[in-house]
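K.L.:
Need coordinates for the following:
(2 chains, ligands or ions: 1)
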Amino acid sequence: MSSLPEHNDFAAMYNLEITHAPDAGGHFGRFGGRFAAETLMQPLKEIEEAFFDAWNDDAFHAERLALLENYVGRATPLYHAERLSKQNGGAQIYLKREDLTHTGAHKINNTIGQGLLARRMGKKHVIAETGAGQHGVATATVAAMFGMSCDIYMGREDMARQMPNVLRMRLLGANVIPVDSGTATLKDAVNEALRNWVATCEDTFYIFGTAAGPHPYPLLVRQFHTVIGQEARAQILKQAGRLPDVAVACVGGGSNAMGLLHPFRDDASVKLVAVEAAGYGLTTGKHAASLAAGKAGILHGNLTYLLEDDEGQVQGTHSISAGLDYPGIGPELAFMLEQGRLTLDAATDAEAMTALQTLTRSEGIIPALESSHALAAGARIAKAMQPDQIVIINLSGRGDKDMDSVFKHMGWLEDAS
Amino acid sequence: MSKRLADVFVRCKAENRAALVGYLTAGDPDVTSSRELLLALADNCDILEIGMPFSDPMADGPVIQAASERALAAGAHIDDVFALTRAVRDAHPEIGIVLMGYANVPYAMGFETFAEKASSAGADAVLIVDIPPEEGHICDAALKKHNLDRILLLSPTSPDDRIKLACENGSGFIYYVSLTGITGADMGNMESIRSKVAHIQALSARASNHMPVCVGFGVKTPEQATQVAQFADGVVVGSHFVSRIAENSDHDSMRSAMLTAANHMRQALNSGVSGDNI
Ligand SMILES: Cc1ncc(COP(=O)(O)O)c(C=O)c1O
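P.N.:
Residues are numbered from 1 along each chain as shown, chains lettered A, B, ... in the order given. All right, here's what the predicted structure looks like:
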């Protein structure tokens, strides 16, 4: 890759080399691939070609990185949470502040990238699925900025628990389409978005929201999010003079996790931890921990770990956080787990809710419920470590969207659910 | 190609008509009724596609989605699919049977076991919507070992290199999806379907493995079936038959509605002329 145009301490922070690439078919070991209906095979190939073409084009990165800097607000801070660390005991906790990005979650790193790709491919209409609504908001935002029309598919159950995001998407001019099929959550929103895309692929770009789905999405989403880990790596070297001992992220599909963890992959001393949603507990069957409790299966275009019954029927999941309430997981995380490069952890609904309050009271930062899972597990891990050790936790989003659920939990609102 | 599927197309050609390929989801609305409904449909079809219910039927429209939901809610298991297949085979030694569904169900069972059970239940072929030729490495050997044809789809978005890929990797017949969309959507422009099918037939004729082309997704009326039969080797009708289940509340009326609908489709093809393509 030749160097980027003028300016740019900012751009210099990023390494644009693609490492740990999947094979030509998008396989990460036995995972990944492109298990798609025939109608989508050609559109997916076109996106793959457009992606590689863009990724090798300095002008694409110049525009993308300028938007990340001036519109999204990157680089996001890496914040040493000293009070939290002291209160928690053990290692020093650093927070990667994705909650401070425009729209309030990491999701926008990816939608800027895919939005630019859509424009490059001449598409005027974008669609997306969303769980917590953060990806939907980030997609609607980019659509507004690029002057594209936008349809967002969202499970009806998720709409109810993330109403502020539904309204934000509408305000941004997106059409939010409720999904009632199946379990009316994220997996069903993906199904419905795919059904729409099969019919509209000629003029519609599907902005997929996580590092899962058919090739090239897992790769492309990962690449657009590696800014998170690359910044964090440079920042911790500057602030602490050393690499972290542990990096922790929550996983729904795996976009914030791949974003933070991928750039540390070749740093053998850094332990990489993915935190799944344990819902009511891993033994209750009511959770969304695909890696911990699932097995290899095929859904939404890729071979990965899935929560399913003995006959391959995908199971309903439960998590207090809509963004983690998904029965699958990005194929590359499944691969890293089997390779022994990923450590699994989990946090329950209750632990996440406690972690949310702990961070809020100790540091004055209100995290998203998704990120609170990473905080719960990350603090637990830090506690068992030494004070001169370092844990970086990805604070993937801010908690505004979750206030209703939190207030109900606190008993401050009627209709406690 | 399976002898039975090959014979079906030879027979239809001799009768100067296109093959009628009917689809129902196994276990819809329950296993007992499903048996009767499949047998009723089989009476009028040359090939039966038996759908394996799946929790997440991504390529299906509301009608077939609902069929999967009804079947699963009524407790349909994959072994019921095999038992229903066996029942159709016993009643119709010559009909072609294609098991159709999504990858995760056979994957969970293991393709080797799946293929063995499908084959011994009497199936001739398998159509897995979300296993394109590129991912055939997970199933091709097992299907081949058990003499099951692998039906591959082509669509309006398939360029020539994908048509060739399907001709080289598929067997039995080519299933041409007449529209860019999900099952049960409205049929596209007949002229563009005709010319794409002719193009596929021409490419297929040049391939070592010359296959008939059946057209499906969206054929809902006998008139449409007649039109498609002018140029295709087979006409696939799915949602139209499945709707007979949703629209009726009791077993008997479902069955008689199914018989009537299948009969109308069959009459339409009998009176039409077939493509001259095999
Ligand atoms: C704040 C936040 N964190 C995490 C996630 C989980 O997604 P992923 O695993 O792709 O990072 C979401 C998804 O909606 C989210 O909104």
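K.L.:
Mind telling me what element the closest residue to chain A within the stretch 1-150 of chain B is part of?
P.N.:
Here the stretch 1-150 of chain B gets closest to chain A at one residue, B:A108, 3.0 Å apart by C-beta to the nearest C-beta. Using the backbone N, CA and C atoms, a C-beta is placed for each residue, glycine as well. Element membership for B:A108 (DSSP states H and E) is helix B:104-109.
K.L.:
So for that helix, what gets flagged as buried?
P.N.:
Neighbour-count burial for helix B:104-109 flags B:104-109 (criterion: 16 or more other C-beta atoms under 10 Å in any protein chain shown).
K.L.:
Could you do stretch A:215-231 as well?
P.N.:
By 16+ other C-beta under 10 Å, the buried positions in stretch A:215-231 come out as A:215-231.
K.L.:
Same list (the buried residues of helix B:104-109) but as a markdown table, adding pLDDT.
P.N.:
Shown next, in a markdown table, are the buried residues of helix B:104-109 (pLDDT from 0 to 100):
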| residue | pLDDT |
| --- | --- |
| B:N104 | 98 |
| B:V105 | 98 |
| B:P106 | 98 |
| B:Y107 | 98 |
| B:A108 | 98 |
| B:M109 | 98 |
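K.L.:
contacting residues for the residue in the stretch 1-150 of chain B that the ligand sits nearest to?
P.N.:
Taking C-beta to the nearest ligand atom as the measure, the point where the stretch 1-150 of chain B comes nearest the ligand is B:D56, at 18.8 Å. By C-beta atoms under 8 Å, 6 or more residues apart in numbering or on different chains, the contact set of B:D56 is A:182, A:187-188, A:191, A:299-300, A:314, B:102, B:104.
K.L.:
And the strands in the stretch 251-400 of chain A?
P.N.:
A:271-279, A:295-299, A:301-306, A:343-348, A:390-395 (DSSP state E, counting those that start in this stretch).
K.L.:
now the longest one: mean pLDDT?
P.N.:
Throughout strand A:271-279, pLDDT has a mean value of 98.
K.L.:
who does that strand pair up with?
P.N.:
strand A:246-250 (parallel), strand A:343-348 (parallel) (DSSP bridges).
K.L.:
now stretch B:190-207: how far from the chain's centre is it?
P.N.:
19 Å (C-alpha atoms, centre = their mean, to the nearest Å).
K.L.:
How far off centre is stretch B:7-25?
P.N.:
With C-alpha atoms, centre = their mean, you get 11 Å for stretch B:7-25.
K.L.:
Tell me which of the strands paired with strand A:271-279 sits most buried.
P.N.:
strand A:246-250 (a mean of 31; mean count of other C-beta atoms under 10 Å in any protein chain shown).
K.L.:
who touches that strand?
P.N.:
A:91, A:229, A:232, A:256-257, A:259-261, A:264, A:270-277, A:324, A:345, A:347, A:370-374, A:377-378, A:381-382, A:385, A:389-394, A:396.
K.L.:
Disregarding residues adjacent in the polypeptide, which is nearest to A:Q230?
P.N.:
Distances taken as C-beta to C-beta, 6 or more residues apart in numbering or on different chains put A:P263 closest to A:Q230, at 4.7 Å, once the chain neighbours are dropped.
K.L.:
Can you narrow the contacts of strand A:246-250 down to the ones near the ligand?
P.N.:
Among the contacts of strand A:246-250, the residues within reach of the ligand (C-beta under 6 Å from any ligand atom) are A:256-257, A:324, A:370-371, A:396.
K.L.:
about what we covered before: most surrounded residue in the contacts of B:D56?
P.N.:
A:L299 (32 neighbours; other C-beta atoms under 10 Å in any protein chain shown).
K.L.:
wait, it sits on A:G312?
P.N.:
No - A:L299 lies out of contact with A:G312 (C-beta atoms under 8 Å); the separation is 9.4 Å.
K.L.:
re the thing from before, in helices, which of the buried residues of stretch A:215-231 fall?
P.N.:
A:217-231 (DSSP state H).
K.L.:
Spatially, which two of these are the most separated?
P.N.:
Spatial extent of these (C-beta to C-beta) is set by the pair A:Y217 and A:E231 at 22.7 Å.
K.L.:
Tell me how far A:T103 lies from B:E36.
P.N.:
For A:T103, the distance to B:E36 equals 55 Å [C-beta to C-beta, to the nearest Å].
K.L.:
More neighbours: which of these two?
P.N.:
A:T103 (23 against 15).
K.L.:
Could you look up the SS state of the more buried one?
P.N.:
Under DSSP: H, G, I helix; E, B strand; the rest coil, the three-state class of A:T103 is coil.
K.L.:
got JSON lines for the strands of the stretch 251-400 of chain A, with distance to A:V137 too?
P.N.:
Formatted as JSON lines, those follow (distance: least, C-beta to C-beta, whole Å):
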{"stretch": "strand A:271-279", "distance to A:V137": "21"}
{"stretch": "strand A:295-299", "distance to A:V137": "25"}
{"stretch": "strand A:301-306", "distance to A:V137": "24"}
{"stretch": "strand A:343-348", "distance to A:V137": "24"}
{"stretch": "strand A:390-395", "distance to A:V137": "17"}
